[in-house]
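Enquirer: I'll drop the sequence and a predicted model, then ask my questions.
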Amino acid sequence: MNKKLAAAIDRDNQREEAGMHADDRETCWTHQSWAADCEDDHTPRPTGK
C-alpha cells in the first residue's frame, strides 16, 4: 500500500465515523485498495423490505 492510498483510507474512515455513508467511500476498507479497483469483488446488498 502506498502513502496516498493509506491517507485516503484514513480520510474515508474519519468521514464515515462523522456520518458519511459507507457506499460513498473512495477506498475499500475490506480490500485496502481503491474502491473502483475492487468494485466487482463485492456483491450488492439486497434492499431490505
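Expert: Cool, the structure landed. Numbering: from 1, shown residues only.

Enquirer: any regions of the chain where pLDDT drops low?
Expert: Along the chain, the parts satisfying pLDDT under 70 run over 43-49.

Enquirer: all strands for it, in order.
Expert: 27-28, 33-34 (DSSP state E).

Enquirer: I'd guessed Asp37 sits against Cys28; true?
Expert: Yes. The pair Asp37 and Cys28 passes the contact test of Cβ atoms under 8 Å, sitting 7.5 Å apart. (C-beta placed from N, C-alpha, C; glycine too.)

Enquirer: have a look at the two and say which one is more surrounded.
Expert: Neighbour totals were compared for Asp37 and Cys28, and Cys28 leads with 18 against 12 (other Cβ atoms under 10 Å).

Enquirer: Trp34 is in contact with that one, correct?
Expert: Yes. Look at Cys28 against Trp34 with Cβ under 8 Å: they come within range, at 7.0 Å.

Enquirer: got any residues that touch both of those two?
Expert: Counting by Cβ atoms under 8 Å, 6 or more residues apart in numbering, Cys28 and Trp34 have no common neighbour.

Enquirer: contacts only, for Trp29.
Expert: Neighbours of Trp29 in contact, by Cβ under 8 Å, 6+ apart: 9, 12-13.

Enquirer: looking at the residues you listed, which one is closest to Asp23?
Expert: Asp12 (11.3 Å; Cβ to Cβ).

Enquirer: looking at this protein, which helix is longest?
Expert: helix 3-17 (DSSP state H).

Enquirer: what helices and strands are in contact with that one?
Expert: strand 27-28, strand 33-34 (3 or more Cβ pairs under 8 Å, 6 or more residues apart in numbering; DSSP states H and E).

Enquirer: quick revisit: what's the ChimeraX line that selects buried ones from the contacts of Trp29?
Expert: To isolate the buried members of the contacts of Trp29 in ChimeraX, using 16 or more other Cβ atoms under 10 Å:
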select :9,12
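
Enquirer: list just the nearest of the contacts of Trp29 to Asp41.
Expert: Nearest to Asp41 among the contacts of Trp29, counting by Cβ to Cβ, is Ile9 at 16.4 Å.
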